[in-house]
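**Q** Sequence plus predicted model, see below.
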Amino acid sequence: MNFNKHVPSIIMAEPPKDKTSRRKNATTESPKVNSQKDTTPQESPTETTSRTNMTLNQKTRDRAHSMATEDMPVCVICHDDFHEPKLLPCLHTFCKKCLQQLAQSGDNKEILCPECLDPQPITTDIEKLPDNTLIQHLNSIILASGKSSKKGGKSKKEKDINCSSCDKDIAAVCRCEDCKEFLCQPCVDSHKSMKALRGHSTITMKEWRKRRDAMAVKPQIAKFCSKHKGEEIGNYCVKCRKTACKDCADLEHSGPTHNCIPLEEAVQQSRQQIENALQNTRQAEAKFRGAWEIMDKRNSKLKETVDNLKKQIQDVMIREREEIAKREETFLEDLKTVDQEKRKEMNAFYDKLEANLEDFWAAQDLADSVLDLGEDYHVISLEKVLCERLDLLSSWRPSLPSEDLAEIDFVEEDDELESDHVESIVEEEVEEAEIWEMDGVIGGRGAGEGQFDWCRGVTVSLDGHCVVADWGNHRVQVFNKDRSFKCVLNTSKTMHGRLSMPHDAACLPDGRFIAIDKSKFVRVYDPDGKFLFRFETVCEDNIAKGEAVELSCVAVDRRSRVFVGDVKRNVVTVHYSDGLHIKTIPTVAPSHIAITSQDFVVVSCTQKQKVRVMNFDGKFAFQIDVYGDGEKLRPRGVGCDKDDNIYVVHKERGGEKSVHMYDDKGTYVACVATNLNEPYDVELSPDGRVVVSDDDTVKIFRKVCTT
């Protein structure tokens with residue numbers, strides 16, 4: 001899967017050459033920082049927070065000296081080294097002075113970030129924005145190493161340090177390691193002459209600078225309190241978010257309104273907060289990468305559809321070239337126009353997904369840098385702004401277009417039927433009309449129990465359990481007969497039981513559940529949702545030969561046989577409930593499937609815009625391709641009731657979205673539901689209710705009467 005800012009072709013999205021390498025393949029690779037972390041053993045939160053200062057110091061020192069030979073990041077506004085770097089809520093860094101000038105040129109309410117171009121509200125003045133202490137830290141390390149942050153530059157000559165023991169402006173010649181004071185020569189003589197100080201250890205300034213440079217001069221949390229001289233800082237007030245010495249804790253941060261904890265504990269808590277927020281953000285980012293994968297699949301499907309239709313059109317033109325030369329040109333032009341419109345619409349979704357992913361990567365890079373390179377001071381000072389941004393990103397959900405975007409409603413006028421005996425059956429007058437009404441709704445948009453992120457396949461067990469494929473939340477949910485939540489058919493205890501973007505589900509008569517997702521496996525769960533086993537619909541030898549598999553639908557008949565549709569191989573495979581293969585039924589692009597009580601297989605083909613009905617041996621019986629007064633059917637999900645009546649979801653892009661009922665011969669009976677949002681599948685409950693998966697809800701209809 002390729003990520004690109006401007007997709008030149010909706011058929012094959014090629015990445016621009018100036019994009020970073022981490023965007024080459026987001027399906028198989030995580031962003032750069034994540035892929036590096038995945039190669040190392042996982043650490044527990046306790047192990048992560050207990051990293052020693054020696055390890056951090058070495059890591060920071062090595063990284064900083066490596067940066068000394070490369071270009072350090074510079075402010076994109078002034079194109080110079082960062083001076084008093086400030087951090088915007090979007091986690092991009094700029095000089096304080098540059099931001100002040102940018103704010104003065106605007107309306108003083110918000111500024112446009114020069115990096116991501118998102119408007120950033122200014123609720124306080126620029127001075128109160130958080131400092132990017134990590135950038136300040138890295139700059140100081142490189143300057144201390146004797147190199148400029150600018151490529152090829154040299155550092156300025158370091159100024160002499162004056163004596164801190166007397167009031168005279170005299171350069172220090174040594175430092176007392178016991179008093180922690182810089183001493184000029186007269187003070188050194190006095191120091192040695194005093195009996196109480198004779199045992200103190202002193203080092204020359206040259207030796208002190210050498211030690212300082214070896215330690216990379218890292219700015220840490222101040223060791224001594226600025227208010228109480230000589231008092232060492234060892235506490236942190238959670239309420240005030242400030243460090244404190246013992247006197248400060250007793251005088252300024254005591255009482256029930258304050259909460260002082262040891263400094264080491266505060267650092268560990270801040271690290272844990274950032275790591276938790278970062279983990280949640282990665283989970284949200286995975287959905288966007290999954291959304292990009294779906295877009296690529298639909299993109300490929302659109303290309304395949306266009307190519308197939310083009311070939312069909314050209315074949316017809318070859319047979320009747322002289323008579324239909326003008327029609328060929330018209331068809332191709334119409335197809336080109338539709339293709340261009342779909343490309344434009346799909347490009348907009350690509351751009352939106354890319355912008356969202358860039359936000360994820362920018363925030364994750366900074367959070368990883370703080371955790372890997374930052375010292376205690378950086379973790380504490382940046383925790384609030386980092387967690388706020390990461391929490392916001394974690395709440396985002398990817399927005400995908402309708403599946404219809406990858407479909408093209410283009411039908412030949414002389415479409416040949418599979419059987420000479422088949423006719424499209426439309427009743428001129430309907431003597432009886434079925435009347436249906438809404439009986440209830442399950443769910444709503446969200447990730448909690450009983451909430452959905454795009455419902456796909458839906459089924460109902462013999463004991464009334466409603467099972468819904470919750471595609472966006474990577475799970476299948478099961479509801480009791482009273483429509484209360486029962487369990488989830490996904491598990492974190494075993495990898496084999498996990499689902500990723502499930503398409504459909506089915507119920508065995510013994511109470512077990514079956515689910516399929518974007519993988520090649522059919523998974524079986526017990527009545528409580530516990531994973532039992534999985535099986536494949538094609539032998540490993542065929543997969544090794546490169547045979548593609550894309551499971552699209554699943555159903556179970558009265559004999560507990562499992563029917564699985566595969567749109568890539570254009571087949572429906574039949575299995576026993578233990579996964580043993582029985583037979584394979586050829587059929588074109590089976591997107592939805594249902595089984596009647598007489599073992600007839602009802603297959604919905606969105607590509608051909610027909611519902612085909614065949615017997616267990618695959619022999620064609622009849623088809624359904626119209627509804628109402630002969631209007632063209634755009635079929636999606638199909639279902640059957642105990643009388644073998646057939647129910648079909650009709651979904652016309654930009655038009656009617658409804659559910660229609662036919663008898664066991666394919667004769668149109670009635671419209672069950674209209675004015676739906678994004679209907680996908682339909683199923684019949686044992687008591688005759690019609691259950692429809694519609695966008696982020698499951699809607700239930702019951703028959704009121706027959707007129």
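**A** Arrived safely.
**Q** Quick check: phi and psi at Lys97.
**A** phi -60, psi -40 (degrees, to the nearest 10).
**Q** That one contacts Pro85, correct?
**A** No. Checked against CB atoms under 8 Å, the pair Lys97 and Pro85 is beyond contact range at 10.6 Å. Where C-beta positions appear, they are placed from N, C-alpha and C, glycine not excepted.
**Q** Among these two, which residue is more densely surrounded?
**A** Neighbour count, other CB atoms under 10 Å: between Lys97 and Pro85, Pro85 has more, with 23 against 15.
**Q** Isn't that one up against Leu99?
**A** No. Contact criterion CB under 8 Å: Pro85 and Leu99 do not qualify, at 9.7 Å.
**Q** All the helices of the stretch 451-600 of the chain, residue numbers only.
**A** For the stretch 451-600 of the chain, helices defined by DSSP state H, counting those that start in this stretch occupy the ranges 540-544.
**Q** Leaving out sequence neighbours, find the closest residue to Trp208.
**A** Spatial nearest neighbour of Trp208, excluding adjacent residues (CB to CB, 6 or more residues apart in numbering): Arg175 at 4.9 Å.
**Q** so which strand or helix has the one you found?
**A** For Arg175, the host element (DSSP states H and E) is strand 174-176.
**Q** Report the rounded mean pLDDT for that strand.
**A** The average pLDDT within strand 174-176 is 89.
**Q** quick revisit: beta partners of the residue nearest to Trp208?
**A** Phe182, Ile203 (DSSP bridges).
**Q** now swap in Ala171 and tell me
**A** On the basis of DSSP bridges, Ala171 takes part in beta bridges with Asn162.
**Q** close enough to count as contact, it and Asn162?
**A** Yes. Ala171 is within contact range of Asn162, at 6.2 Å (criterion: CB under 8 Å).
**Q** Residues that sit against both of these two, list them.
**A** Jointly contacting Ala171 and Asn162 under the rule CB atoms under 8 Å, 6 or more residues apart in numbering are Cys184.
**Q** Would you confirm that the residue nearest to Trp208 contacts Thr202?
**A** Yes. Using CB under 8 Å, Arg175 is in contact with Thr202, at 6.6 Å.
**Q** who touches both of the two?
**A** With CB under 8 Å, 6+ apart as the test, Arg175 and Thr202 both reach Leu183.
**Q** And Ala249, how far from Cys240?
**A** Distance, Ala249 to Cys240, using CB to CB, to the nearest Å: 11 Å.
**Q** The two: which has the busier surroundings?
**A** Neighbours per residue (other CB under 10 Å) separate Ala249 from Cys240, with Ala249 holding more: 20 against 15.
**Q** so what's the more buried one up against?
**A** Asn235, Cys237, Cys260.
**Q** now the second one, which residues is it bridged with?
**A** Using DSSP bridges, the bridge partners assigned to Cys237 are Lys242, Cys260.
**Q** Was I right to think it contacts Ala244?
**A** Yes. In this structure, Cys237 is within contact of Ala244 by CB under 8 Å, at 5.7 Å.
**Q** For the two, indicate the residue with more neighbours.
**A** Neighbour totals were compared for Cys237 and Ala244, and Ala244 leads with 24 against 20 (other CB under 10 Å).
**Q** if I look at that one, how far off is Pro130?
**A** 20 Å.
**Q** same check, this time on Arg209
**A** Arg209 sits 32 Å away from Pro130, going by CB to CB.
**Q** And Trp361, by the same measure?
**A** For Trp361 relative to Pro130 (CB to CB), the value is 21 Å.
**Q** Ala589 now?
**A** Distance, Ala589 to Pro130, by CB to CB: 55 Å.
**Q** Would you mind listing the residues in contact with Asp453?
**A** Contact analysis of Asp453 by CB under 8 Å, 6+ apart lists Arg397, Arg445, Gly446, Ala447, Asp470, Trp471, Gly472, Asn473, Asp696.
**Q** With neighbour count and pLDDT as extra columns, can I get these in JSON lines?
**A** What follows is those, written out as JSON lines (neighbours: other CB atoms under 10 Å; pLDDT from 0 to 100):
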{"residue": "Arg397", "neighbour count": "17", "pLDDT": "84"}
{"residue": "Arg445", "neighbour count": "13", "pLDDT": "90"}
{"residue": "Gly446", "neighbour count": "13", "pLDDT": "91"}
{"residue": "Ala447", "neighbour count": "14", "pLDDT": "89"}
{"residue": "Asp470", "neighbour count": "26", "pLDDT": "93"}
{"residue": "Trp471", "neighbour count": "27", "pLDDT": "91"}
{"residue": "Gly472", "neighbour count": "20", "pLDDT": "89"}
{"residue": "Asn473", "neighbour count": "22", "pLDDT": "90"}
{"residue": "Asp696", "neighbour count": "18", "pLDDT": "92"}
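**Q** any shared contact partners between Cys237 and Ala244?
**A** Common neighbours of Cys237 and Ala244 (CB under 8 Å, 6+ apart) are His253, Cys260.
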